[in-house]
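> starting from these lines, generate the structure:
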Amino acid sequence: MNINIQPVLEDEAVCLSPLQADDFEALYQVASDPLIWEQHPNKNRWQRAAFSIFFEGALQSGGALKITDTATGRIAGCTRFYDLVPEKDSIMIGYTFLARSYWGTGLNTQVKKMMMDYIFRYVSRIYFHVGASNKRSQVAIERLGAVKTGEEEIAYFGEPARLNFVYLIEKNRPSESISCS
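Sure thing, here's the model as predicted:
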C-alpha cells in the first residue's frame, strides 16, 4: 500500500501542506517564541541553531506539514506524520507546535482531526509522543480521546533523549470524543 504522509489537507480555516526548505524563515518566526517551548522536553528550540536542527529533521522525515491560516495566509505552525509501520497498522502524529496566538482557538484540535480523518483510511492506530513535562499537550491529546499507553525515552532528530508519554487513538474511537470547539 502506498500512503502519502505529506498530503495537502484543507478546510475553510486551515491548510496543511508539505513543509519546504524555503519555509524556514517564516516558520522560525513562529518558533522563535520561547514560551512555545516552555513545557517541551527540548526547551531551547526557540533558538535559531536548535530550531535549524529540528527543521532539518522535519524535512528529512518526509511527513512534515506546515499549518497555514487560510484567512490570513500566515504560517500558524507545523506538524507531521512519522514512523509509519504497515505491519503494525500504525503511524505517529506529532512534532506539532503553533504560534501562541492560536492557542485555545481549537486550531490544534482541528488540525489533528483533519490528519486523523485522512490517515485512518490507511491505518487503524495512531500514536503520539508527548513530553513527560508537557502538561498542555497531554491535556490537548487526551481531549481528542487519546489514551496513555506507556512511557519512552525519545531522542528527537539531533537532540538528546527525553522522557515522553506514549498515547494511542484507535480507528474505532467514539466520534463524540473529538470536537473542534
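
> got the contact list for residue 34?
43, 46 (C-beta atoms under 8 Å, 6 or more residues apart in numbering). Every residue, glycine included, has its C-beta placed from N, CA and C.

> quick one: low-confidence residue ranges for this structure.
1, 173-181 (pLDDT under 70).

> where along it do the strands fall?
Per DSSP state E, the chain carries strands over the ranges 9-10, 14-18, 64-69, 75-85, 90-98, 125-131, 147-155, 161-170.

> mean neighbour count and distance to residue 138 for the ones you listed - can I get that in JSON lines?
Shown next, in JSON lines, are these (neighbours: other C-beta atoms under 10 Å; distance: least, C-beta to C-beta, whole Å):
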{"stretch": "strand 9-10", "mean neighbour count": "14", "distance to residue 138": "24"}
{"stretch": "strand 14-18", "mean neighbour count": "18", "distance to residue 138": "23"}
{"stretch": "strand 64-69", "mean neighbour count": "23", "distance to residue 138": "20"}
{"stretch": "strand 75-85", "mean neighbour count": "20", "distance to residue 138": "17"}
{"stretch": "strand 90-98", "mean neighbour count": "21", "distance to residue 138": "13"}
{"stretch": "strand 125-131", "mean neighbour count": "22", "distance to residue 138": "5"}
{"stretch": "strand 147-155", "mean neighbour count": "12", "distance to residue 138": "8"}
{"stretch": "strand 161-170", "mean neighbour count": "18", "distance to residue 138": "7"}
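
> how about CSV for these, with distance to residue 36 added?
CSV is the format used below for the strands of the chain (distance: least, C-beta to C-beta, whole Å):
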stretch, distance to residue 36
strand 9-10, 22
strand 14-18, 18
strand 64-69, 13
strand 75-85, 9
strand 90-98, 6
strand 125-131, 13
strand 147-155, 19
strand 161-170, 16
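
> of those, which is nearest residue 45?
With C-beta to C-beta as the criterion, residue 45 lies closest to strand 90-98 of these, at 8.1 Å.

> residues in contact with residue 8?
Shown in contact with residue 8 (C-beta under 8 Å, 6+ apart): 15, 16, 17, 18.

> can you check residue 53 too?
157, 158, 159.

> now with 6 Å, please.
residue 158 (C-beta atoms under 6 Å, 6 or more residues apart in numbering).

> ok, residue 171 next?
Going by C-beta under 6 Å, 6+ apart, residue 171 touches 120, 124.

> relative to residue 68, how far out is it?
Note on residue 171: its distance to residue 68, by C-beta to C-beta, to the nearest Å, is 27 Å.
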